[in-house]
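Colleague: Have a look; sequence and predicted model below, questions after that.
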Amino acid sequence: MNRSEQLSQLQNTQKWDVIIIGGGASGLGTAIDAASRGYKTILLEAVDFAKGTSSRSTKLVHGGVRYLEQGNIHLVREALKERGLMLQNANHLVKNQSFVIPNYHWFGGYFYTFGLKIYDLLSGRLSLGGSKYLSKKKTIELLPNVEEIGLKNGVIYHDGQFDDSRLAVNMAQTAVENGACVLNYVKVVNLLKDDKNQIIGVQAQDLETGIKYSLKGAAIINATGVFTNAIMKLNDTVYKKYIVPSQGIHLVFDKSFLPGENALMIPKTKDGRVLFAVPWHNHVVVGTTDTLIKKQSLEPIALETEIQFVLETAQRFLAKKPTRKDVLSVFAGLRPLAAPKEEGKSTKEVSRSHKIIVSETGLITITGGKWTTYRKIAEDLIDKAIKTGKLTKKECVTEHLSIHGNKPTTSLDRENHLYIYGSDIPKILELQENELELKEKLHPDYDFTMAEVVWAIRYEMARTTDDILARRVRLLFLDARAAIEAAEKTARIIAKELGHDEAWISTEIVNFKQIAKGFLLSEFQ
């Protein structure tokens, strides 16, 4: 996956079958689906792959226990099937994760055990394991830091857990391997229409060179997530809201707050939301919130009320109480919820299922959806393009299509931090052997090496310090201060690989520190 090769493919192609705007989960999934069916496919991402929502999730591949409670059986069944397929198709990044629900009322254990048995049944042959009622003693054993005062019993169930932006990078590689042209830092600035007001292509600008390209295509797909409304402004004559952004935040702590391998799930917080504490890369991710916000941004910032909510809820359920000063990183993500028909609906009530809109101009837009169902969303989008006569019929082949890097991965394999590279691990080790200075650690407290930075630049289209530290090695999400300390080292390697000068390095460090500030939590309010 090399950017200059992808650019020359863009320059040498007269007409595309499928043009996808947006390089998050839905866009990348659609590129894989379209290319693997044999359509000439291009994907354009204005910044980096998964820079928005798709790198800022709760890191769960799940059917959605909460949607079961809402009675949305169809969404749960679909998501559970997709969860099982993700585990098969990207086993290096997706794993079976056990979750424990501690109950502080007697009936809780029976109530959730019954509900989760239905969840197990809906997953069918793709089940990750059965749910079970737990005694108080067993609950404490599985959650060593759980609050024991008032604890009555527990329930254990299984869902999936993954690394979101790593999967996005591997999906981009998979799309390229299937013949797609995939580009980051190319922004769609206009939609091209014919004299009948039908969309026939896009105008896109390479943000690195400033060069503009006019691309013609049969099916144009808008998969821009929380930025959907901006593309729709270019498409519609009358402005209408298609999505409402909802913000979710996560706090990251060291492993001592959740020792062991089990995740904690709080099904009912004081405002009715679900809260998770999930082990991730030897840290603990705690979230999430659900706050409707006025406008979207590439770098959403956690609100003080959200930080307080997550901290207070975590303190109620954990014996060792996390405080502000324990927060290593805080990240906020935006969910692109399909806009409700009536104003003022709470975010919990806005549907998580995806919705495909075909505009009068012929633009196909995806709203809603979630990481777990990315493959099904992609299949539905391309099927819709076929149904509307934009593409000749070809069958979907992604159900058992391996994602780049896929290989059987055990919990023992995951003790080596390189496990996320799957089948690419030998090539990274080879890089270290051939260029010994690449064995050096990126930061003294973490195992990431210089070889991973070079790998990201040469083979994963990383262009900036943020691309590497946020979405390729995840250091910014795990420990914002450590990421800031590693910024100069990272920027210098990029400059060496891509031929940038000292002025570029200085600007790059300033830019990254500005981004990283949003991941830092001050000790005092």
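Modeller: The structure has been received and is ready for your questions. Numbers count the residues shown, from 1 in each chain.

Colleague: hang on, isn't residue 179 packed against residue 35?
Modeller: Yes. When contacts are counted by C-beta atoms under 8 Å, residue 179 is listed as touching residue 35 (4.9 Å). Using the backbone N, CA and C atoms, a C-beta is placed for each residue, glycine as well.

Colleague: The two: who's more crowded?
Modeller: Neighbour totals were compared for residue 179 and residue 35, and residue 35 leads with 24 against 15 (other C-beta atoms under 10 Å).

Colleague: What helices and strands are in contact with the host helix or strand of that one?
Modeller: Here residue 35 sits within helix 25-37, counting by DSSP states H and E. Helices and strands touching helix 25-37, as assessed by 3 or more C-beta pairs under 8 Å, 6 or more residues apart in numbering; DSSP states H and E, comprise strand 15-21, strand 41-44, helix 164-177, helix 374-387.

Colleague: Show me what the shortest one packs onto, helices and strands only.
Modeller: Same thing as strand 41-44. By 3+ C-beta pairs under 8 Å, 6+ apart, strand 41-44 packs against strand 15-21, helix 25-37, helix 164-177, strand 181-183, strand 186-193.

Colleague: hey, what's in contact with both of residue 179 and residue 35?
Modeller: residue 41 (C-beta atoms under 8 Å, 6 or more residues apart in numbering).

Colleague: contacting residues for the residue nearest to the spatial centre of the chain?
Modeller: Centre of the chain computed as the mean C-alpha position; nearest residue by C-alpha atoms, centre = their mean is residue 54, 2.8 Å away. By C-beta under 8 Å, 6+ apart, residue 54 lies in contact with 24, 25, 164, 165, 168, 225, 371.

Colleague: you'd agree the third one is up against residue 55?
Modeller: Translated: residue 164. Yes. Under the criterion of C-beta under 8 Å, residue 164 makes contact with residue 55 at 5.6 Å.

Colleague: returning to that earlier point: now that we're looking at the residue nearest to the centre of the chain, what pLDDT does it have?
Modeller: You'll see residue 54 listed with a pLDDT of 95.

Colleague: and the residue lying closest to it once chain neighbours are set aside, how far is that from residue 393?
Modeller: Once flanking residues are discounted, residue 54 sits nearest to residue 24: 3.8 Å by C-beta to C-beta, 6 or more residues apart in numbering. Here residue 24 is placed at a distance of 27 Å from residue 393 (C-beta to C-beta, to the nearest Å).

Colleague: Please identify which of the two sits among more neighbours.
Modeller: Shown here are residue 24 and residue 393; by other C-beta under 10 Å, residue 24 has more neighbours (28 against 8).

Colleague: any low-confidence regions in the stretch 251-400 of the chain?
Modeller: Across the stretch 251-400 of the chain, the ranges flagged by pLDDT under 70 are 340-352.

Colleague: need the helices for it, in chain order.
Modeller: Taking DSSP state H, counting those that start in this stretch to define them, one finds helices in the stretch 251-400 of the chain at 304-317, 374-387.

Colleague: Contacts for the first one, please.
Modeller: The set of residues external to helix 304-317 that reach it, using C-beta under 8 Å, 6+ apart, is 102, 146-147, 247, 249-251, 257, 264, 266, 269-271, 275, 277, 286-289, 291, 321-324, 330, 332, 521, 525.

Colleague: can you check the last one too?
Modeller: Contact partners of helix 374-387, identified using C-beta under 8 Å, 6+ apart, comprise 18, 25-26, 28-30, 32-34, 37, 39, 78, 82, 85-86, 89, 218-219, 221, 223, 354, 356, 358, 364, 366, 369, 391-394, 396, 398-399.

Colleague: Pull out the buried positions in the helix or strand bottoming out on mean pLDDT in the chain.
Modeller: In the chain, the helix or strand scored least confidently by mean pLDDT, DSSP states H and E is helix 65-69, which has a mean of 74. For helix 65-69, a neighbour-count test (16 or more other C-beta atoms under 10 Å) marks 65, 66, 67, 68 as buried.

Colleague: what does stretch 502-514 give?
Modeller: In stretch 502-514, counting by 16+ other C-beta under 10 Å, buried: 505, 508, 509, 512.

Colleague: And those, which is closest to residue 3?
Modeller: residue 508 (16.9 Å; C-beta to C-beta).

Colleague: May I see the helices and strands packed on helix 25-37 organised as TSV, with distance to residue 190 added?
Modeller: Formatted as TSV, the helices and strands packed on helix 25-37 follow (distance: least, C-beta to C-beta, whole Å):
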stretch	distance to residue 190
strand 15-21	11
strand 41-44	12
helix 164-177	24
helix 374-387	21
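
Colleague: Buried deepest among these, which one?
Modeller: With neighbours defined by mean count of other C-beta atoms under 10 Å, none of the helices and strands packed on helix 25-37 is more surrounded on average than strand 41-44, at a mean of 28.

Colleague: where's the nearest residue to residue 439 once chain neighbours are set aside relative to residue 92, distance?
Modeller: Nearest residue to residue 439, sequence neighbours excluded (C-beta to C-beta, 6+ apart): residue 432, at 4.8 Å. Counting by C-beta to C-beta, the gap from residue 432 to residue 92 is 19 Å.

Colleague: Equivalent analysis for residue 428, please.
Modeller: 13 Å.

Colleague: Between these two, which contacts overlap?
Modeller: With C-beta under 8 Å, 6+ apart as the test, residue 428 and residue 92 both reach residue 421.

Colleague: Of these two, give the one with the bigger neighbour count.
Modeller: residue 92 (26 against 17).

Colleague: Next, count neighbours for the nearest residue in space to residue 332 that is not next to it in sequence.
Modeller: Of all residues not flanking residue 332 in the chain, residue 300 sits nearest, at 4.1 Å (C-beta to C-beta, 6+ apart). Residue neighbour count, defined by other C-beta under 10 Å, stands at 22 for residue 300.

Colleague: so residue 300 touches residue 335, yeah?
Modeller: No. Applying C-beta under 8 Å, one finds residue 300 not in contact with residue 335, separated by 10.7 Å.

Colleague: Give me the common contacts of the two.
Modeller: Counting by C-beta under 8 Å, 6+ apart, the residues touching both residue 300 and residue 335 are residue 247.

Colleague: ok so, going back, just send the buried residues of stretch 502-514 back as TSV, with secondary structure, pLDDT and distance to residue 50 too.
Modeller: Formatted as TSV, the buried residues of stretch 502-514 follow (DSSP: H, G, I helix; E, B strand; the rest coil; pLDDT from 0 to 100; distance: C-beta to C-beta, whole Å):
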residue	secondary structure	pLDDT	distance to residue 50
505	helix	98	25
508	helix	98	20
509	helix	98	23
512	helix	98	17
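
Colleague: quick one: contacts for the residue nearest to residue 54?
Modeller: Here residue 24 is in contact with 49, 50, 52, 53, 54, 168, 223, 224, 225 (criterion: C-beta under 8 Å, 6+ apart).

Colleague: out of everything not next to it in sequence, what's closest to the second one?
Modeller: What that stands for is residue 50. Nearest one to residue 50, counting by C-beta to C-beta, 6+ apart, is residue 168 at 3.6 Å.

Colleague: residues contacting the one you found?
Modeller: 23, 24, 25, 28, 49, 50, 54, 55, 471.

Colleague: just the residues you listed now: which is nearest residue 404?
Modeller: So of those, ranked by how close each gets to residue 404 (C-beta to C-beta), first place is residue 28, at 11.2 Å.

Colleague: Right, I'll leave it there.
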